[in-house]
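Participant: model the following, please.
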Amino acid sequence: MRTDDLHNLKDDMTAFIEGHGMRRFPGYVGDEVVSIQWNDDENPEAWKDFVELAKAANVPFLTMDDMVLTKEDLDFLIDRLQDGAYGDDLEDARWLRTYIGKTGFVQLGFAHQGAIFLYEVSTEWYDRYQHVLDTAEAIGGLLIEEDDENED
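Facilitator: Next comes the predicted model:
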């Protein structure tokens, strides 16, 4: 079950979590936090097992975050890439216009006995977006470094 918009899945997750009497905390658990990633083994319903595990662990809430692609985010990305010689990434960024307004990433998480457990699901276009975003951030870093060198 591969889809290009996770909005309905997010709604299903919200209803399932609330149906288990749990609450949601709007928050993203970043890479800087040591966490244990759920291995879904390509099971599209694995997120239900994750929520049920959180319930069995008696956690009162799960963190929940999502990413919806906005026109502003994509325009900024394209502008950043136009400054460099990154033709393929620029074309990928332009191709992403099709997905404006769509949800490409959802993350659920909970803390239990000092560990952070995460379940993440993303679309193929979101993974591509992340790759292009990483390239654009690298370009931005190079531009800052060049400016710093010119000040010396």
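Participant: all strands for the chain, in order.
Facilitator: Taking DSSP state E, the strands of the chain run over residues 23-26, 36-37, 61-68, 103-112, 115-122.
Participant: could you dump those to CSV with mean pLDDT and distance to Thr3?
Facilitator: C-beta: built from backbone N, CA, C; applies to glycine. Formatted as CSV, the strands of the chain follow (pLDDT from 0 to 100; distance: least, CB to CB, whole Å):
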stretch, mean pLDDT, distance to Thr3
strand 23-26, 96, 21
strand 36-37, 96, 21
strand 61-68, 97, 14
strand 103-112, 97, 10
strand 115-122, 96, 10
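Participant: please identify the deepest-packed of those.
Facilitator: Looking across the strands of the chain with neighbours counted as mean count of other CB atoms under 10 Å, the highest average goes to strand 103-112: a mean of 21.
Participant: could you dump stretch 61-75 to PDB, C-alpha only?
Facilitator: What follows is stretch 61-75, C-alpha atoms only, in PDB (Å, rounded to 0.1, in the frame of the first residue of the first chain):
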ATOM      1  CA  PHE A  61       0.500  10.100  25.400                       C
ATOM      2  CA  LEU A  62       2.300   9.700  22.100                       C
ATOM      3  CA  THR A  63       4.200  12.400  20.300                       C
ATOM      4  CA  MET A  64       2.900  13.000  16.800                       C
ATOM      5  CA  ASP A  65       4.400  15.000  13.900                       C
ATOM      6  CA  ASP A  66       3.800  15.300  10.200                       C
ATOM      7  CA  MET A  67       5.100  17.200   7.300                       C
ATOM      8  CA  VAL A  68       2.900  18.800   4.600                       C
ATOM      9  CA  LEU A  69       4.700  20.200   1.700                       C
ATOM     10  CA  THR A  70       4.000  23.900   1.300                       C
ATOM     11  CA  LYS A  71       4.500  26.100  -1.700                       C
ATOM     12  CA  GLU A  72       6.700  28.500   0.400                       C
ATOM     13  CA  ASP A  73       9.000  25.600   1.400                       C
ATOM     14  CA  LEU A  74       9.400  24.400  -2.100                       C
ATOM     15  CA  ASP A  75       9.900  27.900  -3.600                       C
END
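Participant: and it, how far out from the chain middle?
Facilitator: On the basis of CA atoms, centre = their mean, to the nearest Å, stretch 61-75 sits 7 Å off its chain's mean C-alpha point.
Participant: contact partners of that stretch?
Facilitator: With CB atoms under 8 Å, 6 or more residues apart in numbering as the contact definition, stretch 61-75 has outside contacts at 6-7, 10, 13-14, 17, 22-29, 51, 54, 93, 96-97, 99-110, 126, 129.
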